[in-house]
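Trainee: With the sequence up front, the predicted model follows.
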Amino acid sequence: MSKTNLIITYCLLITITIFSACKSSDDSMEPTPVRTFADVEADFQALDTSPGVHDFTLEALNGVHYDFRVIVPEEATQEARPLVITFHGATASTDAHKNTDCYAEPGLDTLNAFILSPFTEGGLWFSDYSQQMMGDLIYLIRKYWPIEDDKIAVTGYSNGGNASWLFSKFQAGTISAAIPMASSYDVHELDGSVAVWNVPLYVIHGENDELFPVETTQSWVEATSNAGSDVTFVIAPGLGHYVPCDYVPYLKDAAIWLKETVWMD
């Protein structure tokens, strides 16, 4: 056999060996398991629900993750407790949902409730992602944690206040009340009619709000109230838009309203 033929034969043997090895390797590889909602539920059940503040990242489906904070009350270890969802405003911070010590925790402390503070990028609560996240989290929390199903409320500041209007309107079967703060939510439908909320609202707004003029929010509150919505409107004297922590006394009053008027404890 010539030297040229030897080289060709040798190269062919190498090619066949490599191909066989690759094929054998491919055959032994198992397909990547497809994540199911049952997997999401299992991971959710494994979350720490001891009393205190917990920050979680939950892997959902299709590579999506949910970031959220939960404050678990002491009483949750003995009996079911209410749930209050607080929405953060528009921001570039990825830790916006962790700012609960500003107003949510001190403002809602008398309720001894679970507090859920979810994160959505930019505070865009109208997005499909946000809608899916909230649907999943509310479902999981109601199913696996000791929640009083008839005592679920929403609150939020600025764009989070707008989210309170949004979710209380479209999830009235789940949410029992809303406390929007420093919000600006147009209550008119596309056809020009005024929308009616089927849950009571306690709307708090700063007298000197620089971003959302109080007159605008008040006009929309009056419009939906005249149409049949149950709305309490409170103006915070002297307060502007960029001092959310100063709204704690007003949120405390709203918590009393929620407890004694809506939930009637």
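Mentor: That came in fine, so what should we check first?
Trainee: What ranges does the stretch 1-150 of the chain have for its helices?
Mentor: All helices of the stretch 1-150 of the chain, identified by DSSP state H, counting those that start in this stretch, fall at 3-28, 37-45, 104-108, 128-144.
Trainee: rank those by pLDDT, which is bottom?
Mentor: Ranked by mean pLDDT, the helices of the stretch 1-150 of the chain bottom out at helix 3-28, which scores a mean of 43.
Trainee: for E41, what are its contacts?
Mentor: The neighbourhood of E41, defined by C-beta atoms under 8 Å, 6 or more residues apart in numbering, consists of L140, K143, Y144. For glycine as for every other residue, the C-beta is placed from the backbone atoms N, C-alpha and C.
Trainee: What residues of stretch 195-207 count as buried?
Mentor: A195, W197, V199, P200, L201, Y202, V203, I204, H205, G206 (16 or more other C-beta atoms under 10 Å).
Trainee: what about the closest residue to the last one other than its chain neighbours, how many neighbours?
Mentor: Spelled out, that is G206. Leaving aside its chain neighbours, G206 sits nearest to L239 (3.5 Å; criterion: C-beta to C-beta, 6 or more residues apart in numbering). By other C-beta atoms under 10 Å, the residues close to L239 number 20.
Trainee: which SS class is L239?
Mentor: coil (DSSP: H, G, I helix; E, B strand; the rest coil).
Trainee: The chain should start at 29 in everything you say after this.
Mentor: New numbering, starting at 29: the last item is L267.
Trainee: Give me the below-cutoff pLDDT ranges for the stretch 129-278 of the chain.
Mentor: Scanning the stretch 129-278 of the chain for pLDDT under 70 picks out nothing.
Trainee: Look at the closest residue in space to A124 that isn't next to it in sequence and say how many residues are nearby.
Mentor: Distance criterion C-beta to C-beta, 6+ apart; nearest residue to A124, sequence neighbours excluded, is H116 at 4.0 Å. Using other C-beta under 10 Å, H116 is surrounded by 28 other residues.
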